[in-house]
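Chemist: 3D, please:
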Amino acid sequence: MAKEAKKDPSELSVEEKLKALYQLQTMLSEIDKIKTLRGELPLEVQDLEDEVTGLSTRIEKIKGEISELKTNVSKKKIEIEAAKTSIEKYKEQQDNVRNNREYDVLTKEIEFQTLEVELCEKRIKEFTASIQAKEEEIEKSTLALEERQKDLEVKKNELDEIISETKQEEEKLREKAKALETTIEPRLLQAFKRIRKNSRNGLGITYVQRDACGGCFNKIPPQKQLDIRMRKKIIVCEYCGRIMIDPELAGVTVEKHLETKTK
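Modeler: Numbering: from 1, shown residues only. From the prediction side, this is the model:
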């Protein structure tokens, strides 16, 4: 027997459209419950991952600065050796000068090279102090990094455990929701998603409860209640904008005159 042709979303009756929307809402609400179960864990994991990345980057940057400082220390040591060699050379030349003028020139060169040595030694002390401070900073950052990595591992394990427990269920719900969306008129689906996004509890469609909107609990006029029960047109709450359906279509128990009436 051939399968019945799938109806075009625009050809569905209002009742069929409302029923499909309510089924979609039910699935999306279940997915929301799963997300709530995870709580703030995904955000905490993301924050810890960002912090770990930041600390790792900072440590690498400081290591680069230390390497540069050590290079500068080596350069200054070479300059000191060169200056000392020049001093020795000038002192030897002083022993063979022919007049006082040459002697004074050499004396000034010796003084200049001596100042160069002192300046280089001063710079080496400054560089060494900076290296020490940065090494201490690396030590602190490394300890902080190890702590954050431990925290991250714990939080990831917690999140993975929750995800493993709910992943299969969530995937099934998402597949069903995606398939159901194809049966809903695009404009209606877009409006539903917009309403749902703007709702605190994530409800884009709700049923009438005790003559009131099930989303904002404002009273619904009798005529509008009748229109909702007739299922001839899509009606939204004038207060919160949610799409409304009658309880029977939602498949819930209706209380009336102390008697329970179920679909």
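Chemist: Contacts made by stretch 16-24 with the rest, please.
Modeler: For stretch 16-24, the surrounding residues in contact (CB atoms under 8 Å, 6 or more residues apart in numbering) are 9, 12, 177, 180-181, 183-185, 188, 192, 204-205, 207, 231, 234, 243, 245, 249-250. Glycine gets a C-beta too; all of them are placed from N, C-alpha and C.
Chemist: Identify each buried residue in it, please.
Modeler: K17, L18, K19, A20, L21, Y22, Q23, L24 (16 or more other CB atoms under 10 Å).
Chemist: Moving C-terminal from the helix or strand that contains E147, which element do we reach first?
Modeler: E147 belongs to helix 100-181 when assigned by DSSP states H and E. Per DSSP H and E, the first helix or strand lying C-terminal to helix 100-181 is helix 186-198.
Chemist: What is the distance between the next helix or strand after that following helix and the centre of its chain?
Modeler: Remark: after helix 186-198, the chain's next helix or strand is strand 205-209, criterion DSSP H and E. Computed by CA atoms, centre = their mean, to the nearest Å, the chain-centroid distance of strand 205-209 equals 35 Å.
Chemist: for stretch 126-138, same thing?
Modeler: On the basis of CA atoms, centre = their mean, stretch 126-138 is displaced by 34 Å from the centre of the chain it belongs to.
Chemist: what sits up against it?
Modeler: Contact with stretch 126-138 is made by I59, I62, K63, E65, I66, L69, K70, N72, V73, K76, as judged by CB under 8 Å, 6+ apart.
Chemist: try stretch 102-118
Modeler: Outside stretch 102-118, the residues that touch it by CB under 8 Å, 6+ apart are E79, I80, A83, K84, S86, I87, Y90, K91, Q93, Q94, V97.
Chemist: can you pull the contacts of the last one?
Modeler: By that I understand V97. Residues in contact with V97 (CB under 8 Å, 6+ apart) are Y103, L106.
Chemist: Could you measure from it over to L43?
Modeler: In this view, V97 and L43 are 80 Å apart by CB to CB, to the nearest Å.
Chemist: now swap in K219 and tell me
Modeler: On the measure of CB to CB, K219 and L43 end up 39 Å apart.
Chemist: got it, and R194?
Modeler: Counting by CB to CB, the gap from R194 to L43 is 25 Å.
Chemist: Which members of the contacts of stretch 126-138 occur in strands, if any?
Modeler: Using DSSP state E to define strands, no part of these is located there.
Chemist: Which among those residues count as buried?
Modeler: I59, I62, I66, L69, N72, V73, K76.
Chemist: if we can go back for a sec, show me just the buried residues among the contacts of stretch 16-24.
Modeler: By 16+ other CB under 10 Å, the contacts of stretch 16-24 give 9, 12, 177, 180-181, 183-185, 188, 192, 204-205, 207, 231, 234, 243, 245, 249-250 as buried.
Chemist: Assign the residue nearest the centre of the chain to helix, strand or coil.
Modeler: Nearest to the mean C-alpha position of the chain, counting by CA atoms, centre = their mean, stands Q46 at 5.0 Å. In three-state terms, and counting by DSSP: H, G, I helix; E, B strand; the rest coil, Q46 is helix.
Chemist: Spatially, which residue comes closest to K77, not counting chain neighbours?
Modeler: I124 (7.0 Å; CB to CB, 6 or more residues apart in numbering).
Chemist: Roughly how far does the one you found sit from K134?
Modeler: Distance of I124 to K134, given as CB to CB: 15 Å.
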